[in-house]
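1. coordinates only, sequence not included:
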């Protein structure tokens with residue numbers, strides 16, 4: 001089966017529909033599948049539920065889909081860098097399912113592993129547990145969380161081969177690997193595309209069996225969400 005496509009739009013062809021659920025990899029602005037997000041924006045698909053650790057920033061990442069109001073609901077753990085997100089949520093135009101970060105990661109991993117639900121201490125006695133089943137194991141209470149599984153996962157990898165085997169680099173190895181396993185269709189954008197067999201099997205983070213489509217995105221833009229620096233000491237300046 002041919003997995004490599006020339007453009008992001010071609011890679012997403014016939015995978016998008018109104019009302020679908022999409023998992024979007026990345027942490028902050030690191031490892032986000034920007035070319036695929038832009039292709040989703042241009043497609044005009046609407047009423048989306050998007051599972052992502054965060055919602056990008058104003059004018060970049062998933063923030064682009066908020067601008068066009070293509071997202072109906074976000075399933076996230078951190079949304080503090082996007083003013084438009086806050087405006088839409090507070091006005092009632094955007095629904096939010098808020099998760100502790102570790103819980104969100106485990107819900108995605110569970111979905112990919114075929115686990116319907118699990119119990120965790122995180123969130124017991126807080127708003128996170130409202131409306132959810134709470135059970136006692138030993139002396140402690142645990143809240144039940146359900147696994148997540150999407151119609152489509154879009155991920156960003158540093159390297160990939162023509163069979164869809166993927167390697168992520170540093171912080172980009174965040175939500176991308178688990179999301180790649182937790183959807184009916186996974187589309188990966190890769191910075192470096194190599195022939196099948198060139199990647200050492202011991203270095204593969206996502207096996208190609210999970211990936212249906214690949215698009216080569218050379219020279220991908222990499223923004224920094226919050227740039228912080230420190231002044232050099234006298235010793236360093238000497």
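-> Cool, got the structure. Predicted, not measured: the structure shown is a model, and the values here were computed from it.
2. ok, which stretches of the protein are helices?
-> Per DSSP state H, the chain has helices spanning 8-12, 34-43, 63-67, 83-90, 101-113, 176-179, 234-237. These are given in chain order.
3. Report the contact partners of residue 149.
-> By C-beta atoms under 8 Å, 6 or more residues apart in numbering, the contact list for residue 149 reads 111, 112, 182, 183, 184. Where you see a C-beta, it was placed from the backbone N, CA and C, and this is true even at glycine.
4. Near the fourth one, how many other residues are there?
-> Spelled out, it's residue 183. Under the neighbour criterion other C-beta atoms under 10 Å, residue 183 is assigned a count of 26.
5. what residue ranges in the protein score low on pLDDT?
-> Under the criterion pLDDT under 70, the flagged ranges of the chain are 1, 223-227, 234-238.
6. shouldn't residue 46 be in contact with residue 70?
-> Yes. Using C-beta atoms under 8 Å, residue 46 is in contact with residue 70, at 5.1 Å.
7. State the phi and psi torsions of the residue nearest to the spatial centre of the chain.
-> The centroid of the chain falls nearest to residue 25 when counting by C-alpha atoms, centre = their mean (2.2 Å). For residue 25, the backbone dihedrals are phi -70, psi 170 (criterion: degrees, to the nearest 10).
8. Not including adjacent chain positions, what is the nearest residue to it?
-> With C-beta to C-beta, 6 or more residues apart in numbering as the measure, residue 176 is the residue that lies nearest to residue 25, at 3.6 Å, once sequence neighbours are left out.
9. That neighbour and residue 154 touch, don't they?
-> No. Residue 176 sits out of contact with residue 154 when judged by C-beta under 8 Å, with a separation of 9.4 Å.
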